[in-house]
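Novice: test case, fold it:
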Amino acid sequence: MVATWEPVLEEVMRERAAGLLAYARLLTKDDAEAQDVLQDALVKSFSRGRAFTNVNVAEAYVRRTIPSVFIDRLRRRKAAERAHDRVGVEVAGHEPDRAAVLDVRDALQRLTPRERACIVLRFYDDLTVPAIAERLGLAPGTVKRYLSDASARLAADLGTDANWTDTPDSLPVHAPAMKGAMP
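Specialist: Okay, the predicted model is just below:
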């Protein structure tokens, strides 16, 4: 059984792919990147079960999707670069070695799943505390607590006393003592 969107997708690819690819190339200035952006835009457009009535409607939707896919890919790339910069901070003029990167990965694996999710969303995806809270369905205060606990555990595991969560472009994470805890 053929899905209702498949004939429209086939027609878009047969008749409009060259124009859509040229449009994506204007944004990316690179053939391979343009192909990836177009592919992602097609997947995003057709994967949600939309029933496009004809090829013109489908092409227009894909064309509107291409810039947002391009921007999303740039944001992810820049966030990944910032995350790699944070993980690979030079110490005393030396480049980080592979063992240090592996130590960070091991330390992340020792966190609870929610702590790890909060840390990765904050420093790899570069999300704010409110955005993390929304994505995980948690209160912002809960996210701050997870970030605080995780950063403390990472600092202890990695042998650093620096509060690396307190960067100029981030919200400081300071959690109050737990109720009933002894000072």
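
Novice: list the contacts of the nearest residue to L42 once chain neighbours are set aside.
Specialist: Nearest in space to L42, with sequence neighbours left out and distances taken as CB to CB, 6 or more residues apart in numbering, is V62 at 6.1 Å. C-beta coordinates here come from the backbone N, C-alpha and C atoms, glycine included. Neighbour list for V62: 12, 16, 20, 38, 41-42, 45 [criterion: CB atoms under 8 Å, 6 or more residues apart in numbering].

Novice: can you report phi and psi for the residue positioned nearest the centre of the chain?
Specialist: When the chain is reduced to its mean C-alpha position, the nearest residue by CA atoms, centre = their mean turns out to be D125, at 3.6 Å. Backbone torsions for D125, taken as degrees, to the nearest 10, come to phi -90, psi -10.

Novice: give me every residue that touches A131.
Specialist: With CB under 8 Å, 6+ apart as the criterion, the residues that contact A131 are L121.

Novice: tell me which residues of the helix or strand hosting it come out buried.
Specialist: In the assignment (DSSP states H and E), A131 maps to helix 129-136. Using 16 or more other CB atoms under 10 Å as the test for burial, helix 129-136 gives 129, 132-133, 136.

Novice: V8 is in contact with F52, correct?
Specialist: Yes. Counting by CB atoms under 8 Å, a contact exists between F52 and V8, whose distance comes to 4.7 Å.

Novice: next SSE downstream of the helix or strand bottoming out on mean pLDDT in the chain?
Specialist: Across the helices and strands of the chain, mean confidence by mean pLDDT, DSSP states H and E is lowest for helix 98-109: a mean of 68. Toward the C-terminus, helix 98-109 is succeeded by helix 113-123 as the next helix or strand (DSSP H and E).

Novice: for T53, what are phi and psi?
Specialist: Here is the backbone geometry of T53 (degrees, to the nearest 10): phi -80, psi -30.
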